[in-house]
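1. sequence unavailable; structure follows:
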């Protein structure tokens, strides 16, 4: 049922005036008759008109009343249409997807705020222009020809397309174009609805990378576990042979002892590599318990400092507050050692080598498991001003045996171990690097509270 208010009466004012004129016409005509046509009295002219006068007055009243009702309803309906159009326009303006409307010839007539926000073009820059101003050059003329052929024949087109923002950046979008037909069957307008796929594609790539590392971890974990058993047998038997050789009295025992020591050392080095692989695969033996990260990080920096060239400046910015995490302190110390050694390697032959280590409290980012349940995270940053990493290599740096160092200078297991350790501690790791400007590795670890299990 319609609610009548001031706006309703205002919208139907002309109709109400027509109805009022119709209702007042009878007494008004009686007054005119009394004044100008010598009626005996106004009441006589009002209540006792002649049949012709009564018929004429009645006809005029009925016509005016019905005309007023018609106008009143027409104005209310028009007001409803305008209100509905305003509501639709407001909805389009605040829609999350970009909307673009062109005429039948492809001239832009309307764009919403999401379009402006996504593309960077202002309304004045696009109205009256052709959507071709968004073309990135990634699709050739045959692509657009096929698109418009589909719209002409089927009335719509849907697909992924690469467009260009006003700053020149090329971005992917999911676009749906449909045709609006007139009464004569000709296309009057085209309506395009799109949304930016940049973040979605980034998350898809992140998921694929995570799944790839998970698959590699599963494979490596199985191989490393079996290989570790073989190495244990080998090093154990080497120890027994060395003991027997020592008591044998053989003349060249010392020479043999040196060779066995070399084999044993290589076996222990291989065992250390296996431990890194198991850490990456999250199958190593870890002892998780609450501990304060601050003194642990301070101590491991002090311990590692002598092994790093004295020309390299290590600057630390570490909170004085207690940053208690639930984890394996030994494994996290190995993480810091690996990151410091990598940073030092990147600073060779650098004029002003600098490593920055930062440990602070922060809000947990999206990558941390159970973010909604956590109060805060510890943020550990290790940054250097070295050569940086090629953009194509960044997505591979956590893969076992992948390294950008020269042959013999690295095993490619350091960052793989770091990645696995961060995953064990339910944390999140990010790497930012620009070739020639340095690298920053950021690790987020959930803080542990006394109420947690």
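-> Done, it's in. Everything numeric here is computed off the predicted structure, so don't read it as measured data. Residues are numbered from 1 along each chain as shown.
2. CA only for contacts and neighbour counts going forward, please
-> Will do.
3. what's the pLDDT at residue 263?
-> At residue 263 the predicted local confidence, pLDDT, stands at 73.
4. actually, residue 217.
-> We have a pLDDT of 59 for residue 217.
5. Three-state assignment for residue 173, please.
-> strand (DSSP: H, G, I helix; E, B strand; the rest coil).
6. what comes up buried for stretch 291-304?
-> Within stretch 291-304, the residues that count as buried by 16 or more other CA atoms under 10 Å are 291, 292, 293, 294, 297, 300, 301.
7. same question for stretch 166-178.
-> Across stretch 166-178, burial judged by 16+ other CA under 10 Å covers 170, 171, 172, 173, 175, 176, 177, 178.
8. beta partners for the third one?
-> What it means is residue 172. Under DSSP bridges, the beta-bridge partners of residue 172 are residue 162.
9. isn't it up against residue 199?
-> No. Assessed by CA atoms under 8 Å, residue 172 is found out of contact with residue 199, at 9.6 Å.
10. which of the buried residues of stretch 166-178 sits closest to residue 55?
-> Distance to residue 55 across the buried residues of stretch 166-178 (CA to CA) is lowest for residue 178, with 58.8 Å.
11. ok, the nearest residue to residue 167 once chain neighbours are set aside - contacts?
-> In space, and not counting its chain neighbours, residue 167 is closest to residue 120: 7.4 Å by CA to CA, 6 or more residues apart in numbering. Residue 120 is in contact with 165, 166, 167, counting by CA atoms under 8 Å, 6 or more residues apart in numbering.
12. list the contacts for residue 294?
-> Residue 294 neighbours (CA under 8 Å, 6+ apart): 318, 319, 320, 321, 322, 323, 359.
13. could you measure from it over to residue 428?
-> 18 Å (CA to CA, to the nearest Å).
14. centroid-nearest residue for the chain?
-> Of all residues in the chain, the one closest to the mean position by CA atoms, centre = their mean is residue 199, 4.1 Å from it.
15. so residue 420 sits in a helix?
-> Yes. Counting by three-state DSSP, residue 420 is found in a helix.
16. and the chain, split by domain according to the record?
-> The chain is divided into the following domains under automatic domain parsing: 6-93, 98-196, 201-280, 289-446.
17. what does the average pLDDT come to for the last one?
-> It refers to domain 289-446. Mean pLDDT, domain 289-446: 83.
18. chain center to it, what's the gap?
-> 25 Å (CA atoms, centre = their mean, to the nearest Å).
19. same thing with the second one?
-> Centroid separation for domain 98-196 versus its chain: 23 Å, with CA atoms, centre = their mean.
20. pLDDT averaged over that domain, what's the number?
-> What domain 98-196 shows for mean pLDDT is 90.
21. contacts only, for residue 379.
-> For residue 379, the contact set (CA under 8 Å, 6+ apart) comprises 358, 359, 360, 361, 362, 442, 443, 444, 445.
22. ok, the last one touching residue 421?
-> No. Applying CA under 8 Å, one finds residue 445 not in contact with residue 421, separated by 10.6 Å.
23. all helices for the stretch 201-350 of the chain, in order.
-> For the stretch 201-350 of the chain, the helices defined by DSSP state H, counting those that start in this stretch cover 253-280, 293-304, 329-346.
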